[in-house]
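Novice: kindly generate the corresponding structure for this input.
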Amino acid sequence: MNLKIKRIIRGTYKDAFIYGKTGLWNVCCENGIVKKITRSQNSESALHKLIPSMTDTHNHFMAYGITQVSADLQGTTTIEEIKEKIRTYIKAYSPNFVIAEGWDENFIKEKRMLEKSDLNNISKRIPVIARRLDGHITIINDFAIKYLKKLNLKVNEDGILLEELSLSISNYFEYSNDLVRLGMRKAIENAKDMGVSGVCDFLTERYYNYYINNLDLLSDFQVDYYLIHPFYIENPMENENFHFKGMKTFLDGSIGANTAMVSFPYLNGKGNGKLIYSNDELIRLIGASLTKFEKIALHAIGDIAIEQALNVIEYYKNESDRFRLEHLEFITKEQIARLSKLKTGVSMQPNFIGMWGNYGGMYEEKFGDIFIKNNPIKSVRDAAYSFSFGSDDMPFSPAYGIYWATNHPNKGESLTLDEAIKSYLGTPLNYLNFLEED
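Specialist: Residues are numbered from 1 along each chain as shown. Prediction:
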């Protein structure tokens with residue numbers, strides 16, 4: 001997607017954000033189109049934000065940083081390519097373990113999940129861990145099984161880790177701080193190149209400690225963060241660029257793992273998902289959490305999980321402004337009407353539409369015609385008290401998310417370009433009328 005300036009604007013702009021890069025800029029236009037942007041030394045320029053700097057409100061930024069110094073499997077198209085990427089990483093770094101992330105059976109030729117035998121063929125000497133793109137399924141080799149069992153963790157011999165253990169696998173393996181710093185630097189540089197000047201991250205204990213040891217790298221980058229239940233710490237660290245928000249918990253899993261809880265069946269015969277808590281358990285957990293945390297983020301993808309989330313928020317209705325709902329991929333019209341009566345924020349991921357929610361995608365394969373109801377972003381945006389976009393790192397790219405927000409397969413749920421950009425900004429900015437799609 002290219003952005004065009006609607007009217008000719010020339011000159012020098014102070015503190016302009018040009019896809020996240022701050023400074024003084026000369027902007028040269030011809031027939032309304034920006035032809036050249038160069039740095040300027042002129043200190044007398046007026047304040048103007050030419051192209052918005054964006055905030056990714058649902059991101060796993062530390063995990064993204066780790067992938068910059070590990071084996072990144074996003075974009076792989078065959079099982080052999082996955083194995084070769086991991087082998088190349090082992091050969092280059094001689095690590096004590098490998099946590100490779102980002103594979104997705106929907107985009108590889110074999111159209112199957114990774115298996116323990118695939119990873120055993122890579123190494124019988126060190127733990128090899130391969131986490132699926134959504135984080136809810138992880139495959140490990142025999143050496144990793146032995147390692148985790150020594151930590152008194154319950155691990156099946158098939159090498160498949162699901163949900164909580166998959167999501168928290170990083171807690172059991174520690175990268176050197178030098179490697180973490182290198183990954184963070186690369187991640188911040190990549191984010192700025194994409195126009196992102198801040199993210200909201202969700203942290204396990206290990207990733208929280210990585211941040212604490214490297215806060216100096218956030219001098220010009222903003223990170224808000226939630227602690228992922230059950231991780232808890234008294235007086236979480238905060239500074240100007242590292243803001244503690246509250247606690248996050250999962251109510252269901254993911255569609256890719258067949259664990260998002262929906263009222264309709266998965267057509268591959270895997271039931272209709274799984275709730276993490278009973279209603280009574282969730283009410284008790286949230287009640288206790290509201291005494292400790294200012295904000296509560298609830299992961300809910302399927303309509304049954306969303307129903308449970310709305311029920312617990314309505315139970316604590318006087319505190320509804322302290323909640324934020326994540327994903328809401330298969331929210332119903334009735335649930336949207338209930339949401340409109342609450343002061344609850346929502347973060348959705350329009351990139352999921354392009355990854356899995358379009359015609360011929362994973363959602364159609366798993367749910368049939370119901371797939372078209374996925375991610376009703378316009379309806380939710382219109383109903384929510386506050387609304388924003390995040391990427392969940394699938395992929396980390398506002399441009400990709402904005403494209404699919406404006407090209408929903410259900411045309412009635414598409415946003416305009418201005419609306420989509422605003423959803424990635426955090427606060428509306430009046431200069432958006434300068435922008436149009438090329």
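
Novice: when you work out contacts or count neighbours from here on, use the C-alpha atoms and nothing else.
Specialist: Will do.

Novice: where does the protein have low pLDDT?
Specialist: Within the chain, the ranges that satisfy pLDDT under 70 run 1-53, 426-438.

Novice: contacts only, for the spatially most central residue of it.
Specialist: Taking Cα atoms, centre = their mean as the criterion, residue 392 is the residue nearest the geometric centre of the chain, at 1.1 Å. By Cα atoms under 8 Å, 6 or more residues apart in numbering, the contact set of residue 392 is 58, 59, 60, 349.

Novice: so the first one makes contact with residue 395?
Specialist: No. The criterion here is Cα atoms under 8 Å, and residue 58 misses it with residue 395 at 11.6 Å.

Novice: neighbour count: the two, which is higher?
Specialist: Neighbour tally, residue 58 and residue 395, criterion other Cα atoms under 10 Å: the higher count belongs to residue 58, 24 against 17.

Novice: residues in contact with that one?
Specialist: Residue 58 makes contact with 199, 200, 201, 326, 347, 348, 349, 389, 390, 391, 392, according to Cα under 8 Å, 6+ apart.

Novice: what's the closest non-adjacent residue to it?
Specialist: residue 390 (4.3 Å; Cα to Cα, 6 or more residues apart in numbering).

Novice: okay, now that neighbour: neighbour count?
Specialist: Residues near residue 390, counting by other Cα under 10 Å, number 26.

Novice: tell me the secondary structure at residue 77.
Specialist: Three-state call for residue 77 (DSSP: H, G, I helix; E, B strand; the rest coil): coil.

Novice: that one against residue 111, yeah?
Specialist: No. At 9.5 Å, residue 77 does not count as touching residue 111 under the criterion of Cα under 8 Å.

Novice: quick one, phi psi at the nearest residue to residue 383 once chain neighbours are set aside?
Specialist: Sequence neighbours aside, residue 340 is the residue nearest to residue 383 in space, at 4.5 Å (criterion: Cα to Cα, 6+ apart). Main-chain dihedrals, residue 340, degrees, to the nearest 10: phi -60, psi -20.

Novice: the longest helix in the protein is where?
Specialist: Longest helix in the chain by number of residues (criterion: DSSP state H): helix 177-193.

Novice: tell me the buried residues in that helix?
Specialist: Residues of helix 177-193 classed as buried: 180, 181, 183, 184, 185, 186, 187, 188, 189, 190, 191, 192 (neighbour count, 16 or more other Cα atoms under 10 Å).

Novice: helices of the stretch 1-150 of the chain, residue ranges please.
Specialist: 61-67, 79-93, 116-120, 142-150 (DSSP state H, counting those that start in this stretch).

Novice: distance to residue 317 and mean neighbour count for these - can I get that in JSON lines?
Specialist: Below are the helices of the stretch 1-150 of the chain laid out as JSON lines (distance: least, Cα to Cα, whole Å; neighbours: other Cα atoms under 10 Å):
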{"stretch": "helix 61-67", "distance to residue 317": "31", "mean neighbour count": "22"}
{"stretch": "helix 79-93", "distance to residue 317": "47", "mean neighbour count": "16"}
{"stretch": "helix 116-120", "distance to residue 317": "46", "mean neighbour count": "19"}
{"stretch": "helix 142-150", "distance to residue 317": "42", "mean neighbour count": "17"}
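
Novice: nearest to residue 211 among the ones you listed would be which one?
Specialist: Proximity to residue 211, assessed across the helices of the stretch 1-150 of the chain by Cα to Cα, is greatest for helix 61-67 (7.8 Å).

Novice: so what secondary structure elements neighbour the closest one?
Specialist: With contacts defined as 3 or more Cα pairs under 8 Å, 6 or more residues apart in numbering; DSSP states H and E, the packing partners of helix 61-67 are helix 177-193, strand 196-203, helix 205-212.

Novice: how about these, which one is nearest residue 83?
Specialist: Ranking the helices and strands packed on helix 61-67 by proximity to residue 83 (Cα to Cα) places helix 177-193 first, at 21.8 Å.

Novice: the closest one - contacts with which helices or strands?
Specialist: With contacts taken as 3+ Cα pairs under 8 Å, 6+ apart, helix 177-193 sits against helix 61-67.

Novice: and if we set it to 10 Å?
Specialist: Secondary-structure packing of helix 177-193 (3 or more Cα pairs under 10 Å, 6 or more residues apart in numbering; DSSP states H and E): strand 54-56, helix 61-67, strand 196-203, helix 205-212.

Novice: most tightly surrounded among these?
Specialist: Of all these, strand 54-56 carries the top mean neighbour count, a mean of 28, counting by mean count of other Cα atoms under 10 Å.

Novice: and it, what does it pack onto?
Specialist: Applying 3+ Cα pairs under 10 Å, 6+ apart, one finds that strand 54-56 contacts helix 177-193, strand 196-203, strand 222-228, strand 386-389, helix 398-405, helix 417-423.
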